[in-house]
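1. pasting the sequence and the predicted model now:
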Amino acid sequence: MKQVLWIVILLALAAVAQASPPDHVLAHGARDGDAPAWAVAVDTPAGWTRDCCTYARAIGVNAVLYRGEWSGKPQRVIVLNVWPRKLPSLAAELQADRKRYLESDPTGKTSHFVVRHPQMSCEASIYQGSDHIDDVLVFCDPGQASGIRLSWSMSIDDNDPSRRALLDAFMRVVVASRYQRYVAPPAHAG
């Protein structure tokens with residue numbers, strides 16, 4: 001029943017999410033092998049802080065969005081990860097991640113569904129852990145030419161009273177995110 005509720009909530013939120021205007025780069029990366037330089041742009045939900053360079057680097061991810069003060073805990077933090085594509089498909093990415101999750105939490109439960117993103121193929125996994133922390137993870141593929149894949153994730157305590165608002169913010173970020181080829185701004189002569 002809980003899995004069905006998760007899926008219904010996330011599908012409803014994805015359906016109402018709207019795309020945001022361009023030029024709101026959250027994170028970017030340099031060329032890596034065959035993958036050209038990339039950027040991921042998205043508006044920041046009201047009341048959230050965006051970070052690509054302090055806390056995100058400290059925990060080894062490309063960017064984080066969080067409300068209030070940084071707590072260092074993974075709950076209630078929207079996380080962006082970007083990597084050069086290595087596996088043959090988005091389905092293979094999901095399968096590998098699910099396998100790792102179930103190896104680390106054999107009694108955990110997983111479910112999955114497609115996210116309707118206007119520009120990329122995206123699929124989501126929901127992990128319900130024996131630790132009573134639920135993780136929602138959305139893998140996206142901006143296309144072969146990008147040379148990358150990306151994921152958005154967030155952990156929520158399974159009894160968090162703000163669950164609906166957190167999932168709403170999360171899905172708005174996911175569905176409004178945009179892949180762009182990154183072009184560094186010109187250096188200022190001075």
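-> Yep, it's here. Numbering: from 1, shown residues only.
2. can we go C-alpha only for contacts and neighbour counts from here?
-> Will do.
3. show me the strands in the protein, by range?
-> For the chain, applying DSSP state E gives strands covering 25-29, 38-41, 48-51, 63-67, 77-84, 109-116, 121-128, 133-141, 148-157, 178-181.
4. which one of the ones you listed has the lowest average pLDDT?
-> Of all those, mean pLDDT reaches its minimum on strand 109-116 (a mean of 90).
5. mind giving me the packing neighbours of that one?
-> helix 2-16, strand 121-128 (3 or more CA pairs under 8 Å, 6 or more residues apart in numbering; DSSP states H and E).
6. any idea which residue is closest to the centre of this protein?
-> The chain has residue 152 as the residue nearest its centroid, 0.7 Å off, counting by CA atoms, centre = their mean.
7. so that residue bridges to which residues?
-> When bridges are called by DSSP bridges, residue 152 pairs up with residue 80, residue 138.
8. what does stretch 138-151 rub up against?
-> 34-36, 38, 79-85, 90, 93-94, 115, 119-125, 137, 152-153, 174, 179, 181 (CA atoms under 8 Å, 6 or more residues apart in numbering).
9. next: stretch 58-65.
-> Contacts to stretch 58-65, defined as CA under 8 Å, 6+ apart, come from residues 26-28, 44, 48-53, 55-57, 77-82.
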